[in-house]
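Enquirer: Need coordinates for the following:
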Amino acid sequence: MSFMLLVASILLTMALNSSIFPLPITNAQPTRSLTARTHHVSTTENWAGVCIHPPQTERFTRVIGTFTLPHVPDPSFSTGKEASFWVGFDGHRSDHILQAGVDCAVDKSGNVKFTAWTEWSPEKATFYDATRLDMAAGDQIEVEVNVLEQGTEGSITLLNKSNGKALTQSMRLQGGAQPIQGEQAEWIVENHDLALPTSGFVKVPFLNFGTVAFSDCYASTDKGTKMDLSQPSIYRLRPKGINSKVTDVDIVSGRGISGFNVRHL
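Expert: Sure, this is the predicted structure:
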């Protein structure tokens, strides 16, 4: 080998072992955000967040996650607007969803109000008195949803990790609801509907909530498989009649991916 070829070979070897080449995702630090191109991304009229699917022949029976209640950027300009943050099962291909979460609303006086709720859709949601969790902006709310008895029963726990207050609710199949299949586990920010007596369902004006951080997001199956957010489907929200998305989602990477942020744009 000539001297020039030897030098070129040594330099190439040094470059391949140096930090100028990007590390694989598996070696990334937990604070790094992945681009949306890394995952399956879709745009919906009412959801922003993350969904995962269980392995074939398995179904989800437990989902858990924590979200931090946001500081609304400009409440005085957001009167009459709302956003809902929740954790639950199914809904990707069906209206039958077992879910629980917190609504964030700004009233006509510019006051921000947080309200906890549980729901077995399409049955009506149950809303809880504010004193049950005593929530405020910055509080961390953990939501755990379990499916029991082949999808005909469930249990839900909401815990305010910032003050220790919690509520637990047993759920049972009734009315127009159907058994929960456990085909998806979801962590969602929603532009939800409002039922009006004369005109049916309408979208509530969507709140600019700033950023909501989800963390410790996991789901378990009936065969004991525990899954994180390594292979998520991402939802970005674009309300009907709007030409561009109004939210984006940043997955937090690292070994054991369990968190993401939803940002209002």
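Enquirer: Output stretch 178-197 in PDB with nothing but the alpha carbons.
Expert: C-alpha atoms of stretch 178-197 as PDB (Å, rounded to 0.1, in the frame of the first residue of the first chain):
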ATOM      1  CA  GLN A 178     -69.600  -2.100  23.800                       C
ATOM      2  CA  PRO A 179     -66.800  -4.200  25.500                       C
ATOM      3  CA  ILE A 180     -63.400  -2.700  25.300                       C
ATOM      4  CA  GLN A 181     -61.200  -4.600  22.900                       C
ATOM      5  CA  GLY A 182     -57.800  -3.300  24.100                       C
ATOM      6  CA  GLU A 183     -56.700  -2.800  20.500                       C
ATOM      7  CA  GLN A 184     -54.900   0.500  21.300                       C
ATOM      8  CA  ALA A 185     -53.600   2.400  24.200                       C
ATOM      9  CA  GLU A 186     -53.700   6.200  23.900                       C
ATOM     10  CA  TRP A 187     -52.400   9.400  25.600                       C
ATOM     11  CA  ILE A 188     -54.300  12.300  24.000                       C
ATOM     12  CA  VAL A 189     -55.000  16.000  24.000                       C
ATOM     13  CA  GLU A 190     -58.500  16.400  22.500                       C
ATOM     14  CA  ASN A 191     -60.600  19.200  21.000                       C
ATOM     15  CA  HIS A 192     -63.800  17.600  22.400                       C
ATOM     16  CA  ASP A 193     -67.500  17.900  21.400                       C
ATOM     17  CA  LEU A 194     -70.300  19.700  23.300                       C
ATOM     18  CA  ALA A 195     -73.800  18.300  23.100                       C
ATOM     19  CA  LEU A 196     -76.400  21.000  22.400                       C
ATOM     20  CA  PRO A 197     -80.100  20.400  22.900                       C
END
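Enquirer: Which positions in stretch 55-65 come out as buried?
Expert: Neighbour counts using 16 or more other CB atoms under 10 Å place E58, R59, F60, T61, R62, V63, I64, G65 of stretch 55-65 among the buried residues. To be clear about C-beta, it is placed using only N, CA and C from the backbone, and glycine gets the same treatment.
Enquirer: Check stretch 249-265 too.
Expert: Within stretch 249-265, the residues that count as buried by 16+ other CB under 10 Å are 249-254, 257-264.
Enquirer: tell me which of the residues you listed is nearest to N46?
Expert: Compare each of the buried residues of stretch 249-265 with N46 using CB to CB and the shortest gap goes to V262, at 13.2 Å.
Enquirer: List the buried residues of stretch 168-180.
Expert: Neighbour counts over stretch 168-180 (16+ other CB under 10 Å) mark M171, L173, A177, I180 as buried.
Enquirer: what mean pLDDT does that stretch have?
Expert: Stretch 168-180 shows a mean pLDDT of 92.
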